[in-house]
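Student: Generate coordinates for the sequence data below:
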Amino acid sequence: MTPTRTFAQVDVFSAAPYRGNPVAVVLDADGLDAEQMARIANWTNLSETTFVLTPTDPGADYRLRIFTPSGELPFAGHPTLGSAAAWLDAGGSPRHSDRVVQECGAGLVDIRRGGRTSASAEAGESLAFAAPERLRTGELDEVFLARIVAALGIEPADVVDHQWVDNGPGWAALRLRSAEQVLGLEPDFSSVPEAKIGVLGAHPEGSEHEYEIRAFAPGAGIPEDPVTGSLNASVAQWLIGAGRAPNSYTLTQGTALGRSGVVSISAEDDEVWVGGATTVCFRGTALV
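Tutor: Predicted coordinates:
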């Protein structure tokens, strides 16, 4: 008889269920090997599928392995929040009343609990993770930048600034002149298939949210990710650290895909927190 394991699918970064970014979460995943995890993640065909395991670090509540359809990541943002939501929903009891501690390839990640996202009975809990340290920073080299500009179908003068913002997945980021320009992009990454690129631009002054961002990751088998925690984390570290963004702001993502993702950023005591709504949309079992 094939064993079953607790399974959930969680919508992240949208207060309206099914309008954010889904993550598949296999709980009680002890005993599964990397090949099994990779096969399941390839089958779900979501941007990420996660597996919750017994921690090896005594300071962690659980250990998490994160897979895209094509490989494993040391860290990713929306899977971090979605997995924490699924673990709590399934009865997980954190060591600390105000936070969950996740062990993953990037080390220990704190996840702060922030209450419910709305008065709706459907709405889940608002969670935020502390952004991990970046593994790579600095401006993009001229050759790579030129390839990305060509893939995006824009002119070099359209790029306000650019930066490596890699905290595990391999992100690079470009800032354009406006959110409207970002939303108008129709990129062709066939000449840069390894690219993992974030592109952001400012909404008009007086808008509810400061920026619109889009995330393209053809190298991970994800033409465009609906809402991306890891990218927003490192972009916030870059912009706030350089004095180009306020210490607290919100941004939208997924608009071009018909989603309504909203990501909250807050810099406190030299730490950047990335937060948003989480809703457990499916609960069940996985045959593994």
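Student: So Val100, which state does it fall into?
Tutor: strand (DSSP: H, G, I helix; E, B strand; the rest coil).
Student: Contact partners for it?
Tutor: Contacts for Val100 (C-beta atoms under 8 Å, 6 or more residues apart in numbering) come out as 61, 84, 87-88, 92, 94, 110-111, 113. The way it works is simple: take the backbone N, C-alpha and C, and place the C-beta from them, glycine included.
Student: likewise Gly284?
Tutor: Taking C-beta under 8 Å, 6+ apart, one finds 7-8 in contact with Gly284.
Student: Now do the helix or strand hosting it, average pLDDT.
Tutor: Secondary structure assigned from DSSP states H and E places Gly284 in strand 271-287. Looking at strand 271-287 alone, the average pLDDT works out to 96.
Student: Give me the buried stretch members for it, please.
Tutor: 272-280, 286 (16 or more other C-beta atoms under 10 Å).
Student: Specify which member of the residues you listed is nearest to Val227.
Tutor: Gly276 (7.5 Å; C-beta to C-beta).
Student: what sits opposite the closest one in the beta ladder?
Tutor: Per DSSP bridges, the residues bridged to Gly276 are Leu127.
Student: How much space separates it from Ala215?
Tutor: Distance from Gly276 to Ala215, counting by C-beta to C-beta, to the nearest Å: 14 Å.
Student: Repeat that for Pro79.
Tutor: Applying C-beta to C-beta to Pro79 and Ala215 gives a distance of 14 Å.
Student: Those two: which is more packed in?
Tutor: Legend: neighbour count by other C-beta atoms under 10 Å for Pro79 and Ala215, higher for Pro79 (30 against 26).
Student: which stretches of the stretch 1-150 of the chain have low pLDDT?
Tutor: 1-2, 115-124 (pLDDT under 70).
Student: Setting the sequence-adjacent residues aside, check what's closest to the residue most central in space within the chain.
Tutor: In the chain, the centroid-proximal residue (C-alpha atoms, centre = their mean) is Gly229; its distance is 2.6 Å. The shortest distance from Gly229 to any non-neighbouring residue, by C-beta to C-beta, 6 or more residues apart in numbering, is to Gly77 (1.5 Å).
Student: check contacts around the one you found.
Tutor: Contacts of Gly77 (C-beta under 8 Å, 6+ apart): 129, 228-233, 274.
Student: Val23 now?
Tutor: 9-10, 12, 46-50, 78-79, 82-83.
Student: Of those residues, which is the nearest to Leu200?
Tutor: His78 (16.7 Å).
Student: quick one: secondary structure of the closest one?
Tutor: Applying three-state DSSP: His78 is helix.
Student: quick one: it from Ser47, how far?
Tutor: 8 Å.
Student: so what sits against both of these two?
Tutor: 21, 23.
Student: Looking at the two, which one has more neighbours?
Tutor: Per other C-beta under 10 Å, whichever of His78 and Ser47 has more neighbours is His78, with 31 against 25.
Student: okay but Ser70 is in contact with Asn42, surely?
Tutor: Yes: Ser70 lies in contact with Asn42 (C-beta atoms under 8 Å); the separation is 7.3 Å.
Student: on that earlier part again, now the contacts of Gly77 in TSV, with distance to Leu32 and secondary structure?
Tutor: Listed next are these as TSV, based on distance: C-beta to C-beta, whole Å; DSSP: H, G, I helix; E, B strand; the rest coil:
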residue	distance to Leu32	secondary structure
Phe129	24	strand
Thr228	26	coil
Gly229	24	helix
Ser230	23	helix
Leu231	28	helix
Asn232	29	helix
Ala233	27	helix
Val274	28	strand
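Student: Give the buried residues for stretch 174-188.
Tutor: Buried residues in stretch 174-188, counted by 16+ other C-beta under 10 Å: 174-176, 178-179, 181-182, 185, 187.
Student: wait, I meant stretch 33-43
Tutor: Buried residues in stretch 33-43 (16+ other C-beta under 10 Å): 37-38, 40-41.
Student: of all those, which two lie farthest apart?
Tutor: Longest span within the buried residues of stretch 33-43, C-beta to C-beta: Ala38 and Ile40, 7.4 Å.
Student: anything in contact with each of these two?
Tutor: Common neighbours of Ala38 and Ile40 (C-beta under 8 Å, 6+ apart) are Phe67.
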